[in-house]
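**Q** Fold the following, please.
(one chain, ligands or ions: 2)
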Amino acid sequence: MSQTLKAVLVGLTATVALACTTPRALAQDAAGPSAASTETPSEPFSTGKVEAGATKSAVCSSCHGPNGNSTNPEWPRLAGQSAVYVAQQLRLFSSGIRNNPIMKPLAGTLKDQDISDIAVYYEAQTPSGLEADPSYWQAGEALYLRGDEAKEVPACVACHGPVGRGNLTGGYPALRAQQSVYVIKQLNDYASGARYTGPDVLKVNPNAAMMLTIAKRLSAEQIRDVASYVQGMR
Ligand code: HEC
Ligand code: HEC
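**A** Ligands and ions are numbered 1, 2, ... in the order given. As a prediction, this is how the structure comes out:
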């Protein structure tokens, strides 16, 4: 095993251990200094209400689908997504650090309590959706489970979990049932740097460092294959 890969995995173990012991502190970090409001952001688990989130997400369901199960391949599925991750991404859209003209104004209308409610609501939903493409998923599974040592790509399973559930409290996103078209776009956006803008990305969102590094090492075929595999995961 190469030194770089070892370093990634050691770092990972430490992060996961930390996530398990201090979810509250991590959630606070996740909100970061660029949060939509200047007040200390709420922690989704303690203040979020699923029922309130169901009502408040009505406007979101026109794109993200009923219960967060979007049917448009470019609009990500949010059902079962980590609440910590959803809350963090909404703040990143709102501040413009995650670069997206559709989500920026929408996220900007949400108050801290709305973000908490919506985040816990989506985490509580069950993802459903498309199957994997039969031509690609086996190569994708191999990459997901074992990585690509020659290219120093760590196995996706280490962080995104055996069934793609992610690491909920650490804010590592769930990938299961995610639209493959959306997954391909995100991996390309990490690789090109288009997903986030500005000099503060890693200060505000240290989690971004992992994928900014990993995505650059993937070929177009590997991205296609692994995207197909995760789309079929449940
Ligand atoms: C007009 C369509 C549209 C509406 C309405 C919409 N979104 Fe989105 N949303 C998108 C698109 C497109 C993306 C993917 C952006 C990208 O490619 O980076 C996205 C991405 C997201 C993400 C990031 C998902 C991930 O896996 O990283 C979250 C979280 C999100 N939206 C939450 C919401 C919430 C909450 C609402 C309602 C307040 C909402 N969206 C309303 C289109 C929409
Ligand atoms: C060391 C941990 C780690 C490994 C290994 C890892 N990821 Fe990630 N991944 C993350 C984290 C953390 C994020 C959230 C980053 C952010 O905040 O932008 C993420 C985000 C993503 C996203 C964006 C999800 C969304 O909803 O927008 C995709 C797609 C993804 N990873 C795919 C992969 C694939 C494919 C592999 C294997 C080749 C992989 N990841 C390996 C930690 C990891």
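
**Q** From residue 73, how far off is residue 227?
**A** Separation of residue 227 from residue 73 (C-beta to C-beta, to the nearest Å): 10 Å. All C-beta atoms are positioned from the backbone trio N, CA, C, and that covers glycine.

**Q** same check, this time on residue 154
**A** Distance from residue 154 to residue 73, by C-beta to C-beta: 27 Å.

**Q** Settle it for me: which of those two has more neighbours?
**A** Neighbour count, other C-beta atoms under 10 Å: between residue 154 and residue 73, residue 154 has more, with 22 against 17.

**Q** Report pLDDT for that one.
**A** pLDDT, residue 154: 98.

**Q** And residue 200, by the same measure?
**A** Confidence score, pLDDT, at residue 200: 88.

**Q** Also residue 148?
**A** So residue 148 comes in at 98 (pLDDT).

**Q** Now do the contacts for it.
**A** By C-beta atoms under 8 Å, 6 or more residues apart in numbering, the residues touching residue 148 are 217, 222.

**Q** what separates it from residue 221, distance-wise?
**A** From residue 148 over to residue 221 the distance is 11 Å, taken as C-beta to C-beta.

**Q** try residue 46
**A** For residue 46, the distance to residue 221 - C-beta to C-beta - is 44 Å.

**Q** Ok, residue 214 next?
**A** 16 Å.

**Q** Give me the more crowded residue out of the two.
**A** Legend: neighbour count by other C-beta under 10 Å for residue 214 and residue 221, higher for residue 214 (20 against 12).

**Q** Write out the residues of this structure neighbouring ligand 2.
**A** Proximity of the chain to ligand 2, by C-beta under 6 Å from any ligand atom, involves residues 8, 12, 76, 143, 153-154, 156, 158-160, 172-173, 175, 183, 186-187, 205, 207-208, 210-211, 214, 226.

**Q** do stretch 187-198 and ligand 1 meet?
**A** No - applying C-beta under 6 Å from any ligand atom, one finds stretch 187-198 separated from ligand 1 by no less than 6.6 Å.

**Q** For the protein, which residues score under the pLDDT cut-off?
**A** 1-43 (pLDDT under 70).

**Q** Now do the contacts for the nearest residue to residue 120 once chain neighbours are set aside.
**A** Take residue 120 and drop its neighbours on the chain: the residue closest to it by C-beta to C-beta, 6 or more residues apart in numbering is residue 48, 3.3 Å away. Counting by C-beta under 8 Å, 6+ apart, residue 48 touches 42, 83, 116, 117, 118, 119, 120, 121.

**Q** Include secondary structure and neighbour count when you put these into a markdown table, please.
**A** Putting those into a markdown table (DSSP: H, G, I helix; E, B strand; the rest coil; neighbours: other C-beta atoms under 10 Å) gives the following:
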| residue | secondary structure | neighbour count |
| --- | --- | --- |
| 42 | coil | 22 |
| 83 | helix | 26 |
| 116 | helix | 26 |
| 117 | helix | 26 |
| 118 | helix | 28 |
| 119 | helix | 29 |
| 120 | helix | 22 |
| 121 | helix | 27 |
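
**Q** between those, which is nearest ligand 1?
**A** Closest approach to ligand 1 among these (C-beta to the nearest ligand atom): residue 118, at 4.7 Å.

**Q** which element is the closest residue to that closest one other than its chain neighbours on?
**A** Residue nearest to residue 118 in three dimensions, not counting chain neighbours: residue 53, with 4.7 Å by C-beta to C-beta, 6+ apart. Per DSSP states H and E: residue 53 is located in helix 50-56.

**Q** Are the helix or strand following that helix and ligand 1 in contact anywhere?
**A** Using DSSP H and E, the helix or strand that directly follows helix 50-56 along the chain is helix 61-64. Yes - using C-beta under 6 Å from any ligand atom, we find that helix 61-64 touches ligand 1 at 62, 63, 64.
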